[in-house]
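Visitor: Structure, please.
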Amino acid sequence: MLYNRCNDSKICLLFNNHLYEEAIFRMDIRYSCNQRDFKRYTTEETRKEMLITGLYKADEVVAVYSHVDRMVTLGCMPVHEEVPIDKGIDVWANFGTHYFLERREIGIFNIGDGAGTVTADGKEYHLNYKDCLYLTKGNQKVTFKSDDPEHPAKFYMVSAPAHCSYENKLITIEQAAKRPLGSVETCNKRTINQFIHPSVLKTCQLSMGMTALEPGSNWNTMPSHTHERRMEIYTYFEVPEGQVVFHMCGEPTETRHIVMHNYDAVISPSWSIHSGVGTSNYTFIWAMGGENKEFDDMDNIATTDLR
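Guide: Sure thing, here's the model as predicted:
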């Protein structure tokens, strides 16, 4: 019996002249950086610290654990299999729990080409495009599958620590609380769709929603803000082919940018702004966790004060 590394994600096992592959149970761990060090980061260092790419691989779960408020960002694109939430994840080694949602809650959006189903402890929830599912702490068995392998669902997820349980809830795009903002004149006319939000359902600390910019508008979260009491994660989608989003980050007086493509996500610590401008209009999902769930708890920054 001989073990050898095949690549970064698999170990090869040679046994009786047969080659077997075993997955390495390892998550991408991101440690928090501080604003003093961040101002000296190169482009490559900034991207390694905050940018999340490659979330959707056929019949796999991709997970990134951030030590900023211990938030986990996940992606799953089931094609031919019904995929468990902990596939490729050693739950005990990474969380010290017996199953993924033993001490966590999670928000799940379908942003793929086709519809899909999430099954939580035997109950099925069918998600069409842009629908959202909240699963509370305590769901032991969670799986994902697509209706059509030719048009698979893409399940985008963010999970936060939770100390108590509420109720699982499916929220369709039609049921989300709508909040129009911005104007054509300032290139930021958009609709904020609040899904996992106190006005819609109860959670421990997780808040999630979706902001859609109208054609001709390309700025999001402008004027900028920070919120010292919460971190935030964005994922951008509906970015047309050949177009990008310039995501703004850093302290208000030490701003940087990250060039982002369709389905990329980005981590924003509490001290960082999180605004963006695209070469086209686009949609993004925001997720927050921290001290409170007050959507309007923001430290606003005048646009003319940015540097």
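Visitor: pLDDT of stretch 32-39, averaged?
Guide: If you average the pLDDT over stretch 32-39, you get 91.
Visitor: One more: stretch 108-118?
Guide: The average pLDDT for stretch 108-118 rounds to 98.
Visitor: which residues sit against that stretch?
Guide: With contacts defined as C-beta atoms under 8 Å, 6 or more residues apart in numbering, stretch 108-118 is touched by 56, 77-78, 124-135, 142-148, 150-157, 195, 208, 210, 235, 237, 263, 285. C-beta here means a position set from N, CA and C on the backbone, and glycine is covered the same way.
Visitor: measure it end to end?
Guide: In stretch 108-118, first residue to last residue: 9 Å (C-alpha to C-alpha, to the nearest Å).
Visitor: Would you mark the buried spots in it?
Guide: 108-112, 114-118 (16 or more other C-beta atoms under 10 Å).
Visitor: Mind checking which of those residues land in strands?
Guide: The strands, defined by DSSP state E, take in 108-110, 116-118 from the buried residues of stretch 108-118.
Visitor: Between these, which sits nearest Thr191?
Guide: Phe109 (15.7 Å; C-beta to C-beta).
Visitor: List the contacts of Ala287.
Guide: Neighbouring residues of Ala287 by C-beta under 8 Å, 6+ apart: 71, 73, 107, 158, 206-208, 232-234.
Visitor: try 10 Å
Guide: Contact partners of Ala287, counting by C-beta atoms under 10 Å, 6 or more residues apart in numbering, are 71, 73, 107, 109, 156-160, 196, 206-209, 231-235, 265.
Visitor: Specify which member of the ones in strands among the buried residues of stretch 108-118 is nearest to Cys164.
Guide: Closest to Cys164, out of all of these and judged by C-beta to C-beta, is Ile108, at 19.6 Å.
Visitor: Please consider this matter closed, and thank you.
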